[in-house]
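*Asks:* below is the sequence, then the predicted model.
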Amino acid sequence: MNGPIASRPHMPDYGLAEGAGRLPWSWARERLEAAHNYWVCTTRPDGRPHAAAVWGLWLDETFLFSTATGSRKARNLTANASCAITTERADEAVIVEGVAEALGASLLETFRRAYKEKYDWDMADQTEGLYAVRPRVVFGFIEHEGQFTKTATRWTFAGE
């Protein structure tokens, strides 16, 4: 993969600067890898939103996380797999939009090792409620000292 295509997000009336200033994909990747806490945003079957804090991993351009199979977020993802993931910092925001799917067997051991290393938490017994979210689009911006209009960036992944 050559990486996503960077552009300015379509945000009429926000005064976004054109041209230079877009953030590099490496900026977003660093924040996705380094975050300790993430927010998973899903939609209930009746259309109401739901957000929950989770621990997770950014590996190979994919967000990986776990949740109890009976949790609200798991039930929401069963009904509608579209979701958004955000990092913990709003002043250097990274927002991933994608579709959650069950974590495949090929990633299971990688997930377990990386999760143990990052959180010192053994996931060896967990086989259900494991998800992979591959991004369709990612947004990022720096929101301090007036940088938002100069840094707001949209990364589009292949197929979008």
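*Replies:* Now that the structure is in, tell me what you want to look at. Predicted, not measured: the structure shown is a model, and the values here were computed from it. Residues are numbered from 1 along each chain as shown.

*Asks:* top strand in this structure by residue count?
*Replies:* If you go by DSSP state E, the chain has its longest strand at strand 130-142.

*Asks:* and that strand, what's buried?
*Replies:* Neighbour-count burial for strand 130-142 flags 130-133, 135-142 (criterion: 16 or more other CB atoms under 10 Å). Placement of C-beta: from N, CA and C, glycine included.

*Asks:* quick check: mean pLDDT across that strand?
*Replies:* Taken as a whole, strand 130-142 has an average pLDDT of 94.

*Asks:* mind checking how far it is from the chain centre?
*Replies:* 3 Å (CA atoms, centre = their mean, to the nearest Å).

*Asks:* what's the answer for stretch 28-36, then?
*Replies:* Its chain's C-alpha centre and that of stretch 28-36 lie 9 Å apart, by CA atoms, centre = their mean.

*Asks:* so for E92, what's the nearest residue that isn't a sequence neighbour?
*Replies:* Spatial nearest neighbour of E92, excluding adjacent residues (CB to CB, 6 or more residues apart in numbering): I142 at 5.6 Å.

*Asks:* tell me the contacts of the one you found?
*Replies:* By CB atoms under 8 Å, 6 or more residues apart in numbering, I142 lies in contact with 23, 91-92, 148, 151.

*Asks:* try W121
*Replies:* The contact partners of W121, by CB under 8 Å, 6+ apart, come to 55, 115.

*Asks:* can you classify it by secondary structure?
*Replies:* Three-state assignment for W121 (DSSP: H, G, I helix; E, B strand; the rest coil): coil.

*Asks:* need the pLDDT of it.
*Replies:* For W121, the model assigns a pLDDT of 95.

*Asks:* and it, how far is that from T62?
*Replies:* Noted for W121: a distance of 19 Å to T62, by CB to CB, to the nearest Å.

*Asks:* same question for P135.
*Replies:* 8 Å.

*Asks:* check which element follows the least confident helix or strand in the chain by mean pLDDT along the chain.
*Replies:* Here the helix or strand of the chain ranked lowest by mean pLDDT, DSSP states H and E is helix 148-151, holding a mean of 69. Where DSSP states H and E defines the elements, the next helix or strand beyond helix 148-151 is strand 153-156.
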